[in-house]
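Below are the sequence and a predicted model; questions follow.
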Amino acid sequence: MERLARCAAGLFCFGAGIACFVHSNLGVPPWDVLHQGISEKADIKMGTVIIIVGVVLLLAWIPLRMKPGIGTIMNAIQIGLVENVMEDLLPNSDLIVARVAYLIAGMLFIAFGSGLYIGAELGSGPRDGLMLGLNKRFGISIRLARTTVEIVVLVVGLFLGGSIGLGTFVFAFGIGPLVQKALLALRMSPSLNESATGQALEM
């Protein structure tokens, strides 16, 4: 029960963090450039797109012979639902101080949320699982798989109208160290070490 609660709390923080990035108007994380682009083109809420993409990626797990855990299913659904709610609740601001504050809050929310849900060890997220599946099925290193996949979704998202900016690069270079610290502080199993961070980061 504690693992489920930690997973749910972590995913809530993750969804709230994405909403903060969106409200910063300083650029969103790589995967969310794709989500934002699809949202713009299809005229549907970004959180809904996050859910749809998550479900599609779970279907891609089948040929990769990956098995989802309960945390995987929660990840695919809850982050998008929270993002939709929080994006509507958070106030917009043109003040650069407020936008930078949103960016910082987004980083902290996502790092803390990642530490909680990864530490719960109830299954990787749909996007993480894609990279892990490529590693297990074809022997592609996780680093290469992650870099390649994120570059592809970033470029596609840009063409669809997603936004790239300071926030995108801050996330790309800063989220790893922050999640490592959060994971070390919040992990439940001593066997879960820092190497899990590079394998299990969501977005």
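Now that the structure is in, tell me what you want to look at. Numbering: from 1, shown residues only.

As a quick check, tell me the outermost residue of the chain.
L95 (26.1 Å; C-alpha atoms, centre = their mean).

Verify the contact between L34 and V53 for me.
Yes. At 7.2 Å, L34 counts as touching V53 under the criterion of C-beta atoms under 8 Å. For every residue, glycine as well, the C-beta is placed using N, CA and C.

more crowded one of the two?
More neighbours surround L34 than the other of L34 and V53, with 26 against 19 (other C-beta atoms under 10 Å).

Can you tell me how far the more buried one is from A8?
According to C-beta to C-beta, to the nearest Å, L34 stands 25 Å off from A8.

Next: G167.
26 Å.

Among these two, which residue is more densely surrounded?
G167 (26 against 18).

Please identify which helix or strand holds the closest residue to that one other than its chain neighbours.
Nearest non-adjacent residue to G167, counting by C-beta to C-beta, 6 or more residues apart in numbering: G27, 3.7 Å away. G27 belongs to no helix or strand when assigned by DSSP states H and E.

Is it correct that G27 is in contact with G162?
No. Applying C-beta under 8 Å as the test, G27 and G162 come out as separate, 9.2 Å apart.

any shared contact partners between the two?
Counting by C-beta atoms under 8 Å, 6 or more residues apart in numbering, the residues touching both G27 and G162 are V33.

Comparing the two, which residue is more hemmed in?
When G27 and G162 are compared for neighbours, G162 comes out ahead with 27 against 23, by other C-beta under 10 Å.

residues contacting the more buried one?
28, 32-37, 40.

mind redoing it with 10 Å?
Counting by C-beta atoms under 10 Å, 6 or more residues apart in numbering, G162 touches 27-28, 30-41, 46, 153-156, 168.

what do you get for G133?
G133 makes contacts with 57, 60-66, 124, 140, 145, as judged by C-beta under 10 Å, 6+ apart.

Only whichever of those are buried, select them in ChimeraX.
Of the contacts of G133, the buried ones can be selected in ChimeraX as follows, counting by 16 or more other C-beta atoms under 10 Å:
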select :57,61,64,66,124,140,145
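
Check the contacts of G133 against L81 and report the nearest one.
Proximity of these to L81 (C-beta to C-beta) peaks at L57, which lies at 16.8 Å.

Once you drop chain neighbours, what's closest to the closest one?
Using C-beta to C-beta, 6+ apart, the nearest residue to L57 is P126, at 3.9 Å.

how near is that neighbour to L59?
9 Å.

Have a look at these two and say which one is more surrounded.
P126 (26 against 9).

which residues touch the more buried one?
With contact set as C-beta under 10 Å, 6+ apart, P126 has these partners: 50-51, 53-61, 66, 68, 72-73, 75-76, 79, 202.

can you do 8 Å?
Taking C-beta under 8 Å, 6+ apart, one finds 53-55, 57-58, 61, 68, 72, 75-76 in contact with P126.
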